[in-house]
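Colleague: got a predicted structure here, sequence first:
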Amino acid sequence: MRKNNAELFFDITKELLSAGADRASVIDARLIKTNSTFRDICASNACGMYGKCYTCPPDVGEIDELREKIKRYDHALVYQKVFKLEDSFDFEGMTEAKRRFYPLQSIARKAFSKIGIENALYLGAGACGACVTCAKVTGEPCRHPEIASSSLEAYGIDVAHLATAAGMKYINGENTVTYFGAVLFSF
Ligand code: SF4
């Protein structure tokens, strides 16, 4: 007999927590708020990846199309991990934290595959992260389209609101950085 939704949500969040996420929960995808101003932050190129990754703006697609894509899903698994930094200017620490955060997405992919969901939308923190250097930079086609992922911000998602909707804190204390990931899915 197929498990009910509550049991499946419990199983998925348990996998993420066991793999090192600090918090994970499943929310109604209708609670996700978007705002095109978050795309404007991408365009300001503070992270240096604007136009350098297929899954970052502008290559990822028009904001309105991505917002429509979000509406196709019923549920969102939201997960977060908090990392310690030496201080608020510890950019090296932030980069290393992002590298350590990325594997949680692979755990989520396995968890969803296990319950037979193959067409979920995986969103994370920052540029794709599947390759050391995105093929966009070298002018080649995407090397791993099956695992290429965008950031929450590239889709215009208000991450602070997402955190609250998922019962999580967006900011977790002095000298820390918190990264969020989400998986949008339907049964
Ligand atoms: S999988 Fe590699 S080539 Fe494709 S978008 Fe991600 S980083 Fe770029």
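Modeller: Cool, the structure landed.

Colleague: any idea how far the residue nearest the centre of the chain lies from the ligand?
Modeller: For the chain, Gly124 is the residue whose C-alpha lies nearest the centre (C-alpha atoms, centre = their mean; 1.9 Å). From Gly124 over to the ligand the distance is 11 Å, taken as C-beta to the nearest ligand atom, to the nearest Å. In this view, the C-beta of every residue, glycine as well, is placed from N, C-alpha and C.

Colleague: what sits against that residue?
Modeller: Gly124 makes contact with Phe101, Tyr102, Gln105, Ser149, Ser150, Ser151, Leu152, Tyr179, Gly181, according to C-beta atoms under 8 Å, 6 or more residues apart in numbering.

Colleague: now Ile157
Modeller: Ile32, Lys33, Thr34, Phe38, Ile70, Leu123, Ala182.

Colleague: what subset of these is buried?
Modeller: Buried members of the contacts of Ile157, scored by 16 or more other C-beta atoms under 10 Å, are Ile32, Thr34, Phe38, Ile70, Leu123, Ala182.

Colleague: let's verify the last one: helix, strand, or coil?
Modeller: Spelled out, it's Ala182. Counting by DSSP: H, G, I helix; E, B strand; the rest coil, the backbone at Ala182 sits in strand.
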